[in-house]
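> Return a 3D structure for these sequence lines:
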Amino acid sequence: METRKSRTYTEEFKKQAVQLAADLGSAKKAAKQLGVPHANIHTWKVKLSSGQSLARSNQAKPKGTAPNAGTPSVEEENQRLRREVVELKKVNYILKAAAAIFTRDHLS
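Purely as a prediction, here's the structure:
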């Protein structure tokens with residue numbers, strides 16, 4: 001059985017997604033444009049309106065026997081950061097495309 005890997009989003013992306021949903025008048029439309037589940041946008045909107053942080057809550061980390069078991073090695077950290085850079089480039093591309101669409105709609 002294949003394990004699904006959860007995607008993480010930056011707090012800025014979440015705020016922009018909520019703003020896009022407000023501008024479009026629909027979380028579903030915004031979710032479709034951004035490629036995220038509309039339930040996520042709804043959750044982020046609720047958290048923002050109640051003043052809660054959009055940062056992901058700390059999940060329980062497995063305890064290791066070694067003192068540094070929870071800290072990643074330099075190679076693991078580099079891999080994680082490279083994946084994050086790729087994800088952020090995708091997000092930036094999507095947001096730039098959405099901004100271009102809104103600008104085009106605004107000018108016509």
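> In this protein, mark out all the helices, start to finish.
Taking DSSP state H as the test, the helices found in the chain are 11-24, 27-34, 38-49, 74-107.
> Lys5: which of those helices is closest?
Lys5 sits nearest to helix 74-107 of all these, at 9.9 Å, using C-beta to C-beta. For every residue, glycine as well, the C-beta is placed using N, CA and C.
> report the angle between the axes of that closest one and helix 11-24?
Orientation note: helix 74-107 sits at an angle of 20 degrees relative to helix 11-24 (axes from the mean of the first three to the mean of the last three C-alpha atoms, to 10 degrees).
> So for Ala55, which of the helices of the chain sits nearest?
Comparison of the helices of the chain against Ala55 by C-beta to C-beta identifies helix 11-24 as nearest, at 5.8 Å.
> Mind listing what's buried along the closest one?
By neighbour count, with 16 or more other C-beta atoms under 10 Å as the criterion, the buried positions of helix 11-24 are 13-14, 16-18, 20-21, 24.
> Which residues are in contact with Leu34?
Taking C-beta atoms under 8 Å, 6 or more residues apart in numbering as the criterion, Leu34 is in contact with 17, 20, 94, 98.
> wait, I meant Lys29
Lys29 sits in contact with Ala21, where contact means C-beta under 8 Å, 6+ apart.
> Tell me the one among the buried residues of helix 11-24 nearest to Lys32.
Ranked by distance to Lys32 (C-beta to C-beta), the buried residues of helix 11-24 are led by Leu24 at 9.6 Å.
> That closest one reaches His38, doesn't it?
No: taking C-beta atoms under 8 Å as the definition, Leu24 is not a contact partner of His38, at 11.4 Å.
> pLDDT weak spots in the protein?
Within the chain, the segments meeting pLDDT under 70 span 1-4, 56-70, 107-108.
> and if we set it to 90?
Judged against pLDDT under 90, the low-scoring parts of the chain cover residues 1-12, 15, 24, 26-27, 38, 47-77, 100-108.
> quick one: contacts for Gly35?
Gly35 makes contacts with Ile94, as judged by C-beta under 8 Å, 6+ apart.
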